[in-house]
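Asks: okay, predicted coordinates and the sequence, questions at the end:
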Amino acid sequence: MKSRSVAIVGAATALFAGTIGLVQNDIKRVLAYSTVSQLGYMFLAMGMGAFGAGIFHLYTHAFFKACLFLGSGAVIHALHGEQDIRKMGGLKKYIPVTYWTFVIASVAIAGVPFLSGFFSKDEILFETFVEGHQLLWGLGALTSLLTATYMFRLVHLTFHGEERFHGAEAAHHAPAHSAPHAPAHGAPHDAPWPMASALVVLALGSILAGYVGVPHALGGHNNFGAWLTPVFNAANCGQPTTTGELAGMTIAECTPVEERDPAEHAGTELALMIVSSLIALAGIGLATYLWLKHTEIPARMAAKYPGVHRLLLNKYYVDEVYDATIVQPIKVVSTEGLWRGFDVKVVDGAVNGAGYFVSGMSIVLRLLQNGSVKTYAASMFAGAVAILAFYLWR
């Protein structure tokens, strides 16, 4: 079942999150918006009816994104809690295991040929193109460029260039006999081997996981998609061949969804692979040019277009709009209406009113319990008269 609206939402999500990731400075926030962007890719596949391609990308994404998040944790650990990539740089020589695994995962998510992300991402773009949605394919390709750019912006600002982490400047002015470039907390170091070995395993997965779905255009067979086909045929069968309620049909009574001949569009698939590979390499080259070779250009562009930079840095003000339209109205209704209005006045009023009533009645009753025998006798006489009057009145 295909849904153009789902595909449009997926492509827009991928693009918007990619532009946000391009300017974020928190190492984990860059990866978080990268995840949102890749989820947009998966929903683009769902909208195209390419369920196998979407789940294939989910599968490969698990390896390189887990490697990236674990690698970011190793960086933060090495810098004693620092997460701002503007305060990093030059970490390659201090944490080589983290560096190389992080680079491998970054190359994979960028879609560089023959790593896991290349196979799954290109299958989504291919399915989008052959379904006739060239505009959505263009948005996906642009997102691929952004992905490669912001991931290698992250790599260069974190591991390359000048050391900007805490204590680096003081180390440059330290006595000659002291360790060069040593930060105040001691030199950064790689994570312990239990953590580092997990990075290595995930990096290997970032390289090899995609080979379960080698496309026909490269002389392979998409085993992953073939493995999932029976599931999707059972869940997304065509029109029933017999009459009766859908709930009462068996799989045998459904016509399987028609599969595309892999050889039919092999040339198109190969051409799209070449294009997307060039886009990935262009993104890496652009990031290297801007954040490694000519680091003054990004700052100059941010100063020249402050509105755009501020818009992206503040994530299109989605959080602010959500707070103004959802959170604050709910707080006002909850505070003024439900709390001060209903809870304080009605609920508390009823409870306190019951207390005041009992307290008032006790004051009256205390007047009658004054210890005077004459008062008690008069009360008994008045009660007897009242009872007698009641029965006489009836």
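Replies: Nice, thanks for sending it over. Residues are numbered from 1 along each chain as shown.
Asks: per-domain residue ranges of this protein.
Replies: For the chain, automatic domain parsing gives the domain ranges 4-168+180-222+262-313, 322-393.
Asks: dump the ones you listed to CSV, plus mean neighbour count.
Replies: Backbone N, C-alpha and C define where each C-beta goes, glycine included. Output for these, formatted as CSV (neighbours: other Cβ atoms under 10 Å):
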stretch, mean neighbour count
domain 4-168+180-222+262-313, 19
domain 322-393, 10
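Asks: next, residue 222: phi, psi?
Replies: In terms of degrees, to the nearest 10, the main-chain angles of residue 222 are phi -80, psi 80.
Asks: isn't it right up against residue 215?
Replies: Yes: using Cβ atoms under 8 Å, residue 222 is in contact with residue 215, at 6.1 Å.
Asks: if you average pLDDT over each of the domains of the chain, which is lowest?
Replies: Confidence, taken as mean pLDDT, is least for domain 322-393 of the domains of the chain (a mean of 86).
Asks: what is the end-to-end distance of it?
Replies: 71 Å (Cα to Cα, to the nearest Å).
Asks: and what of stretch 80-88?
Replies: From its first residue to its last, stretch 80-88 covers 12 Å (Cα to Cα).
Asks: ok now it, how far from the chain's centre?
Replies: Counting by Cα atoms, centre = their mean, to the nearest Å, stretch 80-88 is centred 21 Å from the centre of its parent chain.
Asks: and the contacts of that stretch?
Replies: Stretch 80-88 is contacted from outside by 25-28, 30, 75-76, 79, 154, 157-159, 164-166, 185, using Cβ atoms under 8 Å, 6 or more residues apart in numbering.
Asks: return the member of those nearest to residue 336.
Replies: Residue 336 lies nearest to residue 26 out of these, by Cβ to Cβ, at 35.8 Å.
Asks: from residue 83, how far out is that closest one?
Replies: 5 Å (Cβ to Cβ, to the nearest Å).
Asks: minimum distance to residue 230: which of the domains of the chain has it?
Replies: That would be domain 4-168+180-222+262-313 among the domains of the chain, by Cβ to Cβ, at 11.0 Å.
Asks: so how far is that closest one off the chain centroid?
Replies: Taking Cα atoms, centre = their mean, the mean C-alpha location of domain 4-168+180-222+262-313 is offset from the chain mean by 14 Å.
Asks: ok, then the element right after the longest helix seen in the chain?
Replies: When the chain is parsed with DSSP state H, its longest helix is helix 51-78. Using DSSP states H and E, the helix or strand that follows helix 51-78 in sequence is helix 96-110.
Asks: so that following helix versus helix 51-78, what angle?
Replies: Between helix 96-110 and helix 51-78, the angle comes out at 150 degrees (axes from the mean of the first three to the mean of the last three Cα atoms, to 10 degrees).
Asks: helix 96-110 - contacts with which helices or strands?
Replies: helix 51-78, helix 116-130, helix 134-159, helix 193-208, helix 266-288 (3 or more Cβ pairs under 8 Å, 6 or more residues apart in numbering; DSSP states H and E).
Asks: try 6 Å
Replies: On a contact count with 3 or more Cβ pairs under 6 Å, 6 or more residues apart in numbering; DSSP states H and E, helix 96-110 meets helix 51-78, helix 116-130, helix 134-159, helix 193-208.
Asks: run through who's touching that helix.
Replies: The contact list for helix 96-110 (Cβ atoms under 6 Å, 6 or more residues apart in numbering) reads 64, 67-68, 71, 74, 92, 115-117, 147-148, 151, 155, 159, 190, 196, 199, 203, 206, 280.
Asks: find the residue closest to residue 57 in space, skipping its chain neighbours.
Replies: Nearest residue to residue 57, sequence neighbours excluded (Cβ to Cβ, 6 or more residues apart in numbering): residue 120, at 3.8 Å.
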